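S.K.: my questions are about this predicted structure, shown below with the sequence.
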Amino acid sequence: MIIDLGDKLLKIIIIGQSDFGASTVERLIKNTNNSVLAVFTRPPTKTGQEDPIVKISKVNNVKVFQLPKLNSKEATKTFQNLKPDLCVMAYVTDIVPEEIISFPKFGTIQYHPSLLPKHRGPSSINWPIINGEEKTGLTIFWPDKGLDTGPILLQKEVHIEENDTVGTLYFNKLFPLGINAIEESVDLIRSGLYPMKNQDDHVATYESWCKKENVQINWNKNVNDLHNLIRGSDPQPGAHTTLKSQSISIYGSNKLIGTQNEIPGLVLGLDKTGIRIACPGGSILFEKVRQKNDRKISAFEWSKSVKLKINDVAGR
């Protein structure tokens with residue numbers, strides 16, 4: 001189907017939040033073929049701090065709606081009264097009803113940071129790293145009533161480096177590539193040359209939130225598995241262990257392959273590079289520590305504060 005808008009602009013509503021949503025607004029505004037009618041985002045925080053998407057929208061004179069729930073009659077009526085041609089969902093954590101998704105003339109597209117149908121669900125960046133996978137990517141798809149189940153418009157693949165964390169994979173790769181992919185998708189929709197490829201449910205996977213209980217460290221695990229677990233939960237939710245009777249989350253994992261036969265969890269090294277702990281197949285050196293809700297500090301600084309010593313054992 002070829003879309004003939006003549007000289008008319010493509011009228012877009014963006015649903016999103018945070019820096020990713022803000023960058024989406026900024027990019028689509030710069031395209032002179034688009035008219036960003038409004039932004040729907042989460043309500044203000046209790047502290048009154050403005051979401052980045054709200055700030056960028058105000059600077060560009062874009063209407064902002066911060067409704068308590070998108071799955072409400074008020075939100076649906078407000079959305080439909082604007083008569084958009086297209087809805088773009090960029091980092092959405094609320095439930096968006098079918099009455100919104102299906103209303104625009106050309107439907108709704110959504111960004112998801114995995115190669116659908118693999119890794120459907122809310123922690124789709126964490127799990128590929130934890131699983132030790134070598135690639136992931138992003139998908140722009142047409143959402144439907146299911147969870148990350150709609151037809152695919154386009155995908156971009158990225159390589160997971162050996163020391164990539166959730167943070168580096170997202171901010172260095174999936175974030176900037178995702179903004180480009182959203183703009184490319186909008187251009188394809190305007191041209192009429194856009195695919196709608198159904199997902200293959202036979203190869204689909206779904207994982208729920210990656211939570212603290214999923215990332216407790218067992219030092220009897222192989223060095224590769226532990227390295228993947230730590231970096232796959234860095235910065236959130238933070239892989240955790242016990243050391244000197246203190247529960248700590250650890251960050252900045254470095255995998256050291258070796259043939260040591262020491263007790264798993266044994267502290268092998270303490271210096272400014274971090275704390276090194278034995279495990280089957282080698283050892284893990286980690287650079288930073290966070291205790292409870294405190295700020296992250298260097299592992300070496302923390303070790304001095306608790307008088308950690310060589311031959312102490314983690315996980316006890």
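M.R.: Received, thanks.
S.K.: report pLDDT for the nearest residue to residue 249 once chain neighbours are set aside.
M.R.: Distances taken as CB to CB, 6 or more residues apart in numbering place residue 238 nearest to residue 249, at 3.2 Å, with adjacent residues excluded. For glycine as for every other residue, the C-beta is placed from the backbone atoms N, C-alpha and C. What the model reports as pLDDT for residue 238 is 97.
S.K.: contact partners for residue 238?
M.R.: Going by CB atoms under 8 Å, 6 or more residues apart in numbering, residue 238 touches 212, 215, 249-251, 290.
S.K.: in stretch 222-238, which residues are buried?
M.R.: Neighbour-count burial for stretch 222-238, counted by 16 or more other CB atoms under 10 Å, picks out 223-234, 237-238.
S.K.: the closest residue to residue 175 other than its chain neighbours in helix, strand or coil?
M.R.: Closest residue to residue 175 apart from its sequence neighbours, by CB to CB, 6+ apart: residue 20 at 6.1 Å. Secondary structure, DSSP: H, G, I helix; E, B strand; the rest coil: residue 20 is helix.
S.K.: so residue 20 is in contact with residue 178, correct?
M.R.: Yes - using CB atoms under 8 Å, residue 20 is in contact with residue 178, at 6.9 Å.
S.K.: rewinding a little: mind checking which of the contacts of residue 238 are buried?
M.R.: Buried by 16+ other CB under 10 Å: 215, 249-251, 290, out of the contacts of residue 238.
S.K.: show me the residue at the heart of this protein, geometrically.
M.R.: Centroid-nearest residue in the chain: residue 125, 5.4 Å away (criterion: CA atoms, centre = their mean).
S.K.: now that residue: how far from residue 231?
M.R.: In this view, residue 125 and residue 231 are 11 Å apart by CB to CB, to the nearest Å.
S.K.: cool, and residue 134?
M.R.: 13 Å.
S.K.: repeat that for residue 316.
M.R.: From residue 316 across to residue 231, the span is 24 Å (CB to CB).
S.K.: helices along this protein, start to end?
M.R.: Secondary structure of the chain (DSSP state H): helices at 18-30, 52-59, 73-81, 98-101, 126-130, 166-169, 175-191, 223-231, 299-305.
S.K.: what sits against the residue nearest to the centre of the chain?
M.R.: Counting by CB under 8 Å, 6+ apart, residue 125 touches 113-114, 136, 166, 169-170, 174.
S.K.: before we move on, what about residue 284?
M.R.: Residue 284 makes contact with 223, 226-227, 230, 253-256, 276-277, according to CB under 8 Å, 6+ apart.
S.K.: apply 7 Å and report the result again.
M.R.: 223, 226-227, 230, 253, 255, 277 (CB atoms under 7 Å, 6 or more residues apart in numbering).
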